[in-house]
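In: Whatever this is, show me its structure:
(one chain, ligands or ions: 1)
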Amino acid sequence: MPRLSRHYDVSNRFYELVLGSSMTYTCAVHPDAEASLETAQAAQYDLVARKLELEPGFRLLDVGCGWGGMVMGAGEHYGVKALGATLSQQQAEWAQKAIAGRGLADRAEVRLLDYRDVPESGFDAVSSIGLTEHIGRRQLGAYFWRLAAKLRPVGRLLNHCITRPTTRERARIGGFFDRYVFSDGELLGVGTVVSPMQNHGLEPRHSENLREHYAMTCRDWGENLEANWEEAIAEVGLRRARVWQLYIAASRVGFEINNIELHQVLGVKLGRGGFSCMPLRPSF
Ligand SMILES: C[S@@+](CC[C@H](N)C(=O)[O-])C[C@H]1O[C@@H](n2cnc3c(N)ncnc32)[C@H](O)[C@@H]1O
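Out: All right, here's what the predicted structure looks like:
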């Protein structure tokens, strides 16, 4: 089984038990301290949509789309036509069923596809939520160049990923995480992410660190796993359930004490003469 599949194609049911009904495997954005995980995940997609200034009729490409949360939310609430790409077969199947079930087939589509193989271009916006961790430092320039090539002039990219607090640390995740959770992942300081972005066709316009929100998200995932412990063991076995328990708890502490961060960086592909089509001040 390819390494990525070992992590994502475990069991959709297990992910439902941990992630809850939003089936979103990334940092939520909590509007207040009491917000539920579902509310916070909807707010996260909404923040991405507002940063991209999605409008009815826009075409959105969501790379690393997971179970399709962004493409469904954007199609449903912003009237865009959204295409998602994931390398996980189980995610693609789950998303395709959910899209049909929610009557969104005319606005949302998820394909089992490497983001590099998406044939369409000229998108109004691209979102990348939790994919950059899989790309690696050496490939980042090509990654941003490819995403820029998918955009029409003045189209925007919102890149959302886990980062390190400085650019001096090693990129490899290593240790327990590398061995049992995320093989081959790399985490980089936000400066290391932004440099190839600006060198490969995208003007960085805004950056935001949401690490406290990711700590809260991990808290909520940990509570979900605890509440569904017996079913989780039945689904994936005690060993894997314990690995997840530790992985979620360690990640929560990592975000709290600033060993890891979560950055959203907004970039724009400039039009002729440096035209950005950005408002004078952000509206999000
Ligand atoms: C942490 S998950 C984030 C999923 C989703 N964006 C979310 O927020 O729930 C990372 C996603 O990146 C996808 N992925 C990794 N490498 C990819 C590639 N080369 N092309 C397309 N998707 C990829 C995985 O299949 C997975 O869906």
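
In: quick one: contacts for Trp94?
Out: Shown in contact with Trp94 (CB atoms under 8 Å, 6 or more residues apart in numbering): Asn12, Met23, Trp67, Gly68. C-beta coordinates here come from the backbone N, C-alpha and C atoms, glycine included.

In: for stretch 264-279, how far is the first residue from the last?
Out: Stretch 264-279 has an end-to-end distance of 18 Å (CA to CA, to the nearest Å).

In: Also stretch 6-13?
Out: One end of stretch 6-13 sits 15 Å from the other (CA to CA).

In: Pull out the buried residues from that stretch.
Out: For stretch 6-13, the neighbour count (16 or more other CB atoms under 10 Å) marks His7, Tyr8, Asp9, Val10, Asn12 as buried.

In: What of stretch 263-279?
Out: Within stretch 263-279, the residues that count as buried by 16+ other CB under 10 Å are His263, Gln264, Val265, Leu266, Gly267, Val268, Lys269, Leu270, Met278.

In: How far off centre is that stretch?
Out: 21 Å (CA atoms, centre = their mean, to the nearest Å).

In: And that stretch, end to end?
Out: Terminal-residue distance, stretch 263-279 (CA to CA): 21 Å.

In: is any part of that stretch close to the ligand?
Out: No - Stretch 263-279 is not in contact with the ligand by CB under 6 Å from any ligand atom; minimum separation 12.0 Å.

In: Please convert the buried residues of stretch 6-13 to TSV, extending it with distance to the ligand.
Out: Formatted as TSV, these follow (distance: CB to the nearest ligand atom, whole Å):
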residue	distance to the ligand
His7	8
Tyr8	5
Asp9	9
Val10	12
Asn12	12
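
In: What residues of stretch 219-236 count as buried?
Out: Buried residues in stretch 219-236 (16+ other CB under 10 Å): Arg219, Asp220, Trp221, Gly222, Asn224, Leu225, Asn228, Ala232, Glu235, Val236.

In: Go ahead and confirm the first one touches Arg252.
Out: Yes - the pair Arg219 and Arg252 passes the contact test of CB atoms under 8 Å, sitting 5.8 Å apart.

In: which residues does the closest residue to Ser11 other than its chain neighbours contact?
Out: The shortest distance from Ser11 to any residue other than its chain neighbours is 5.1 Å, reached at Glu235 (CB to CB, 6 or more residues apart in numbering). Each residue near Glu235 by CB under 8 Å, 6+ apart is listed here: Ser11, Arg13, Phe14, Leu17.

In: again, only this time at 10 Å
Out: By CB atoms under 10 Å, 6 or more residues apart in numbering, the contact list for Glu235 reads Val10, Ser11, Asn12, Arg13, Phe14, Tyr15, Glu16, Leu17, Asn228, Ala241.

In: Can you tell me which of the residues you listed is closest to the ligand?
Out: Here the nearest of the contacts of Glu235 to the ligand, counting by CB to the nearest ligand atom, is Tyr15; it sits at 9.3 Å.

In: Can you tell me, leaving aside adjacent residues, what's nearest to that closest one?
Out: Once flanking residues are discounted, Tyr15 sits nearest to Met23: 6.5 Å by CB to CB, 6+ apart.
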